[in-house]
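In: Let's see this in three dimensions:
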Amino acid sequence: MFQRILVIRGGAIGDFILTLPSLKALRDAYPDAHIEILGYKHIAVLAENRFYAQAVRSIEHGSLASFFAKNSELPAELPGYFASFDLIISYLYDPDRIFESNLHRCGVENLFCGPAKIVEKGGHAARQLARPIEQLGITVADLAEEIFLSVDDRQFAQEFLRNSSRSIVAIHPGSGSKEKNWPLENWIELVSGKGGSTKATGELGHMGKQFSLVVVSGEADKAQTAQLEYNWKDRDFRFAKNLPLPHLAAVLEHTIFVGHDSGISHLAAAAGANCILLFGPTDPNVWAPRNENVHVLRAQGGRINNLDIAQVRAAVTTALRPALSGAQ
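Out: Numbering: from 1, shown residues only. Got it, this is the predicted structure:
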């Protein structure tokens, strides 16, 4: 029985959230264990005191670099830290097994290593990330992603969304990759019917006054956000800029969310949003959240520009109908 478990997980937001099904199976198997995560703190905080782990430590620890050098002199404070765990699961890129070797030098006995990179033809990403957990004899049956929000997270969301309509549509026009991004003019036309190549048609235009809009943006989305703020300067839209991830997850929890293949889309799915995800060059069979609350629209030929505005508008309209009919 393991009493102290360390999970080492770097990577971007989506990479971390794709690992949550494995972390959930691990927690379910060892409900009384102290589980700690060594990762990027602004991301791993999604798991800290939110069911998965009791503590998070920053992977951006300068002295950790020595663990990636062969036969290096290890810093005094870390060997004891690593040796204090009965089990370590690492997802770090370690092709020459130098990090692994140095952990064993610290006295670590139970070490399981997961894939640092996802193989496109290796099945769903969450299934690939489950391998080290399943090597322990733990079955990872459910690949759905889930974030357990705190009372404080939800209180922030309640304040942020104060005076919003009962129905909230959240959009994230970015992804960190231009090839995965639907053209910005399409987003503008989807919401307001302005700035696109066709006239505003369909029910979404008529519903526009019956729902509130939240635009999600981060550091990588500054250019798109600035243009949207200019186009919508006279509209009562909320911009969720650079929010801490647990707070953003709480804001998205009860929304209809529209986004790309991105970490924020995984965040929305894990929070429980009704997600409509637009996929272009990447394979949703590998990268899309496996949650039941996710609906994927895949562009023909893998070109995101081929995804028609009318198709996206229809999906949003369908998602809005139950909420709007319930509000009447």
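
In: any idea how far residue 119 is from residue 177?
Out: Separation of residue 119 from residue 177 (CB to CB, to the nearest Å): 19 Å. C-beta coordinates here come from the backbone N, C-alpha and C atoms, glycine included.

In: My error: substitute residue 211 in the last question.
Out: According to CB to CB, residue 211 stands 28 Å off from residue 177.

In: Neighbour count: those two, which is higher?
Out: Each of residue 211 and residue 177 has its neighbours counted (other CB atoms under 10 Å); residue 211 has more, 21 against 15.

In: Need the phi and psi values for that one.
Out: Dihedral pair for residue 211: phi -140, psi 160, per degrees, to the nearest 10.

In: Please name the nearest non-neighbouring residue to it.
Out: Nearest residue to residue 211 in three dimensions, chain neighbours excluded: residue 167, at 4.0 Å (CB to CB, 6 or more residues apart in numbering).

In: and the one you found, backbone torsions?
Out: Backbone torsions of residue 167, given as degrees, to the nearest 10, read phi -100, psi 130.

In: Please apply the same query to the one 3 residues further on.
Out: Its backbone dihedrals place residue 170 at phi -110, psi 130, with angles given as degrees, to the nearest 10.

In: tell me, how many neighbours does it end up with?
Out: Neighbours of residue 170 using other CB under 10 Å come to 25.

In: Would you mind measuring from residue 178 to residue 186?
Out: 14 Å.

In: who's more crowded, those two?
Out: residue 186 (23 against 8).

In: The more buried one belongs to a helix?
Out: Yes. Going by DSSP: H, G, I helix; E, B strand; the rest coil, the assignment for residue 186 places it inside a helix.

In: The residue lying closest to it once chain neighbours are set aside: neighbour count?
Out: Excluding the flanking residues, the one nearest residue 186 by CB to CB, 6+ apart is residue 309, at 5.4 Å. A count of nearby residues for residue 309, using other CB under 10 Å, gives 22.

In: For residue 309, report the pLDDT, please.
Out: Looking at residue 309, its pLDDT is 94.

In: Surely it touches residue 185?
Out: No. Proximity of residue 309 to residue 185 does not meet the contact threshold set by CB atoms under 8 Å, at 9.4 Å.

In: Now do the same for residue 79: helix, strand or coil?
Out: Following three-state DSSP, we place residue 79 in the helix state.
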